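Trainee: just coords:
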């Protein structure tokens, strides 16, 4: 079976909570890896996503080193949408 990993970076303006993780994740840029495998038996190249991971960096407050946390792709997209909605509806700063 042929497999590939797609990498992308996502940005969060607000802290967010990942289900099954017992901490609030601070805003910032995060690397996301999506593992895909080739769908065999069809006449064109097509891949299906089999796993999605978000890389959480080590922090001074955290007792962990860098972590690769599995997350459902739908949950990740929901978190991104909520963050975009919050940023779009945030009051503009007064000058």
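Mentor: Received it, and whenever you're ready, just let me know what you need. Note that this is a predicted model, so its numbers are computed, not measured.
Trainee: The chain: helices as residue ranges?
Mentor: Along the chain, the segments classed as helices by DSSP state H run 73-88.
Trainee: how about stretch 10-19: buried residues?
Mentor: For stretch 10-19, the neighbour count (16 or more other CB atoms under 10 Å) marks 12, 16, 18 as buried. Using the backbone N, CA and C atoms, a C-beta is placed for each residue, glycine as well.
Trainee: now stretch 81-91
Mentor: Quick answer for stretch 81-91 (16+ other CB under 10 Å): residue 83.
Trainee: Please list the outside residues in contact with it.
Mentor: Counting by CB atoms under 8 Å, 6 or more residues apart in numbering, stretch 81-91 makes contact with 12, 13, 14, 16, all of which sit outside it.
Trainee: now do 10 Å
Mentor: Applying CB atoms under 10 Å, 6 or more residues apart in numbering, the external contacts of stretch 81-91 come out as 10, 11, 12, 13, 14, 15, 16, 27.
Trainee: chain center to it: distance?
Mentor: Going by CA atoms, centre = their mean, to the nearest Å, the spacing between the C-alpha centre of stretch 81-91 and its chain's C-alpha centre is 17 Å.
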